[in-house]
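1. Pasted the sequence and its predicted model underneath.
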Amino acid sequence: MTEFKTKCIESLDSLFQKYEKNDYMLQRIHSHILNYLPNTLENELKNFEKRKNRNTFLTNEQQIFVQVFLQKNLYYYLTNNNFFYEYNGKHYMIVKEDDIIHKLLSSISKDKVLLEWKYKTKTNIIKLIKERRSLFTNIPESDTIQNVLNILYPSIFTSKNHVKYFLTIIGDNIFKKNQHLIFLVSGQMKKILNDLDATSSLSIGINNITHNFVTKYHENHSYENCRLIKINETFSKELWIDILKKIGLDLLCVAAHYSKRYENSDNFIENKSDEELKNYTNYIKQNTQGEIIDVFCKKYINEIPTGKDSGKDSGKDIGKEIENIHIEWKNIHFVWKQFLSDNHYPNMLYSNTLKNLLKEKYKYNEESDLFLGITSKFVPIQRDFIQFWETNIQNTNTNVSINANAVGEYENVFDNELEIDEICSLFKLWAKQNNENSMTNGNISEETALKILKHFFSHIEIIEDKYILNSSCLLWDKIKDMNDSFKYIKEELKEKHTEDLISFDEAYNYYYKFCSLHSYKFVVSKRYFEKYMYFKFADYIVYEKFIETSTILHNII
């Protein structure tokens, strides 16, 4: 205050000195100081207090508005991709900043009190969202969590605990926790993870969140750091894509929440999972290679007992028996794959490591690549199926010669194929016909047949795990059956069909009836029948799936 007073006095002195010889100006200075200055200052004080009160009021109103607006409108932000998000209590959505601003300004306009602070309030709220409301600070509502769990179980995972564990792993990867862990998964699961990676990159700007999920064990992986996780292998890829479109962002947000809630995936397994999931997840961590091989051999390998165990006295007789009973390495390798498949384990051993560990347990003939004195209940079905395949299945090399046109009588080619269910049925027929030579009754699942084909006949081409391309079977001439049925179809059309066109569906129904009348053991699928129709009658097809009845009656059959 003293400083202000001194400066004011000095300023007045300066004015008096300046106008000391000017009576008029001295009089004006006197008048301003005594008459005007007190009123001016009084008004200034009133205006100041008014502005101050107004600012305090608007500040309070702004704080209330911000609090209410952000409570009603759950907006969030991520710095790594500069995206804004909105949560409606059920689903998370990406929103544009312009949409948030529009809603803000509209709300302020309706409020009216903050109109003069309209843009200031808008700027403050956008800044607050960016600085204090990260997407992953939000805790999803129970509806969102349960929706994600219910969609993923039982369609993808075998239990809700499996879903929670998987989501916690994904959340850990979002926050870069436990980067040393390796999760061994099936090839089928890896496919869905690639789609999840793409969803993460597009929606939250984080790439490669499934980098530590691998399909093959590597010798650099420590067993201590390996974990297992499985899914329902029969799920539809189209279903998964649809799930990600609908709840991909929800899934990632719930995953982040679980990672925070349970701290990390290992902690979830230790404290929240059931014993079945814990034992499966930690199977590799808790067992050595030798212990895993012991379990495999105990359940899947049968060893010929020694003389002491069997009561025989002659070591020579035992030796002969051991020599006669054996398993080829390629067969025992397949049995190992069966063990992995049955238990939903990934391949955790290199084939050479597996072979060497088995050499330590059983007698091995290097020259013939045989393990002596052991057998397995899984080997007979392999041997029978391999014998069936090698004696009955022909590789057509994409070219099957057929009489393609009854008019032109010329040779053409058709891409033949067998379906996996047809192969299983043909194998059963073969086993019945070869009862003396067959070691099994021919019952084989499609899954087992596929595994045998992929393991022992890796050169063949299999599409969608269903169609074996360029293959035909000596036990069933599919093309002859169809050609024979066309004669029957022609006679049926003469007597009963009055329409100008016959559809492929109707033609297939006639074919099916023909097969039933003649007690055919096998009937080609509708897909294969139509494929052959497109080939045989290529020049006579109209409207994509029809043939003119007159053409069939007079020209082509």
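-> Great, that's in hand.
2. buried residues in stretch 543-555?
-> Lys545, Phe546, Ile547, Glu548, Thr549, Thr551, Ile552 (16 or more other CB atoms under 10 Å). To be clear about C-beta, it is placed using only N, CA and C from the backbone, and glycine gets the same treatment.
3. can you tell me which of those are in strands?
-> In this view, the buried residues of stretch 543-555 that belong to strands under DSSP state E are Phe546, Ile547, Glu548.
4. tell me the pLDDT at the nearest residue to Tyr85 once chain neighbours are set aside?
-> Leaving out its chain neighbours, the residue that sits closest to Tyr85 by CB to CB, 6 or more residues apart in numbering is Tyr76, at 4.5 Å. Tyr76 carries a pLDDT value of 96.
5. Could you report the separation of Tyr76 from Leu149?
-> From Tyr76 across to Leu149, the span is 22 Å (CB to CB, to the nearest Å).
6. Kindly report the same for Ser31.
-> Ser31 is 85 Å from Leu149, by CB to CB.
7. circling back: who has more neighbours, Tyr76 and Leu149?
-> Tyr76 (22 against 16; other CB atoms under 10 Å).
8. ok, now which ones touch the more buried one?
-> By CB atoms under 8 Å, 6 or more residues apart in numbering, the contact list for Tyr76 reads Phe84, Tyr85, Glu86, Tyr87, Ile129, Arg133, Ser134, Leu135, Thr137, Asn138.
9. Quick check: PyMOL command selecting the buried ones in the residues you listed.
-> To isolate the buried ones among these in PyMOL, judged by 16+ other CB under 10 Å, type:
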select buried, resi 84+85+86+87+129+133+135+138
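10. Now render the contacts of Tyr76 as CSV, adding distance to Phe385 and pLDDT.
-> CSV is the format used below for the contacts of Tyr76 (distance: CB to CB, whole Å; pLDDT from 0 to 100):
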residue, distance to Phe385, pLDDT
Phe84, 59, 97
Tyr85, 54, 97
Glu86, 57, 97
Tyr87, 55, 97
Ile129, 63, 94
Arg133, 61, 95
Ser134, 57, 96
Leu135, 54, 97
Thr137, 58, 94
Asn138, 55, 95
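11. circling back to that earlier point, so where does the residue nearest to Tyr85 fall, helix or strand?
-> Using DSSP states H and E, Tyr76 sits in strand 74-78.
12. gap between that strand and the chain center?
-> Relative to its parent chain, strand 74-78 has a centroid offset of 27 Å by CA atoms, centre = their mean, to the nearest Å.
13. which parts of that strand are buried?
-> Those would be Tyr75, Tyr76, Tyr77, Leu78, for strand 74-78 by 16+ other CB under 10 Å.
14. following it, which helix or strand comes up?
-> strand 83-87.
15. Between strand 74-78 and that following strand, find me the angle.
-> With axes from the mean of the first three to the mean of the last three CA atoms, to 10 degrees as the basis, strand 83-87 and strand 74-78 are set at 150 degrees to each other.
16. which stretches of the stretch 101-250 of the chain have low pLDDT?
-> For the stretch 101-250 of the chain, applying pLDDT under 70 flags the ranges 111-115, 117.
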